[in-house]
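Peer 1: Output the structure for:
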Amino acid sequence: MPVLPSCLLEPLWDQFAALLPAHVDGHPLGCHNPRLPDRIVFEHVIAALVHGSGYERIASPGCSDRTIRRRVRHWADLGICQQLHALALEAYDRMIGLELDELSVDGCITKAPCGGEKAGRSPVDRGKQGLKRSVAAEARGVPLGLVSAGANRHDSPLLIPTLDAVKTQVGPLPEQVNVNLDRGYDSAKTRTALEEFGFTVEIARKGVPAPIQAGKRWVVERAHSWMNGFGKLRRCTEKNGNVVDFYLHLTATIVTLRMLIRRATLQYRWDTRPTTRRLK
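Peer 2: Now for the predicted structure:
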């Protein structure tokens, strides 16, 4: 049984394959074993992302764990998934329309038991190694910008890098942008930084119950929930920072594509249109 439905996997692979550079055989004699097709490795990578399993567990007789690690590291160094995420956002904006006048930013801490370049002591897990991701979402919850850091990093210093990541992924923002934040960002430094960007801000106040101030910020919480549905993010065992970002942007691309398909079924018709809204 496939880990992703074909209506998600096929367009994802088509665009991913278009971004891959042509392979150049560097062997002087050309007598080594044939190179494994990228599609086979890609399917194993998706299985690792969804289930969170180690490469040894998802390896098959035709695809070893070393091949998966080597290929993932190469793709991560090329920044393939950052480009893939940007293209998914462009497609969503063209077909549905991104609502960039309302942005919500929040962080999420997950486990990183193996440590690594992006890991840090988690304040919510007895000092064990953890990973924090800061995500900015638009008004309907489409993830736009992502920044990874150690779990010991506060949310507030990651706000500006996250907004810069949004500009990198979607281009210039509208003149009027309102940013919705939780009480962790409640500081004069945050307000001053957003004023320099020309953004208005709504920050939950400290000492007031959170449900009363949920407002428009719940969409980024939902985006974090969707991303935590992927095992590789719930328990990240990658040590290389580029590989961590590779899986983060690949997850954001799948979430964006899933939202695009769900909303497009109400406005468009195509041959491979899914017959159910449950796109696992």
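
Peer 1: and Glu202, what are its phi and psi?
Peer 2: Main-chain dihedrals, Glu202, degrees, to the nearest 10: phi -120, psi 110.

Peer 1: mind listing the strands for the stretch 151-280 of the chain?
Peer 2: 178-181, 200-203 (DSSP state E, counting those that start in this stretch).

Peer 1: Please name the residues that touch Val72.
Peer 2: Taking CB atoms under 8 Å, 6 or more residues apart in numbering as the criterion, Val72 is in contact with 41, 45, 243, 246. From N, CA and C alone the C-beta is placed, and that goes for glycine too.

Peer 1: Show me the shaky parts of the protein.
Peer 2: For the chain, residues meeting the criterion pLDDT under 70 lie at 1, 27, 29-32, 208-215, 276-278, 280.

Peer 1: So which residues of it form helices?
Peer 2: 6-19, 38-51, 55-58, 65-78, 80-95, 159-170, 188-197, 218-227, 231-234, 241-264 (DSSP state H).

Peer 1: rewinding a little: could I get the contacts of Val72 as CSV with distance to Pro2 and neighbour count?
Peer 2: Putting those into CSV (distance: CB to CB, whole Å; neighbours: other CB atoms under 10 Å) gives the following:
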residue, distance to Pro2, neighbour count
Val41, 16, 18
Val45, 13, 22
Val243, 23, 21
Phe246, 21, 25
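
Peer 1: Quick one: neighbours of the closest residue to Leu194 other than its chain neighbours, just the number.
Peer 2: Nearest residue to Leu194 in three dimensions, chain neighbours excluded: Val201, at 4.8 Å (CB to CB, 6 or more residues apart in numbering). By other CB atoms under 10 Å, 18 other residues sit near Val201.

Peer 1: related to what we said a few turns ago, out of the helices of the chain, flag the one nearest Gly120.
Peer 2: Nearest to Gly120 among the helices of the chain is helix 241-264 (12.3 Å), distances taken as CB to CB.

Peer 1: All set now, cheers.
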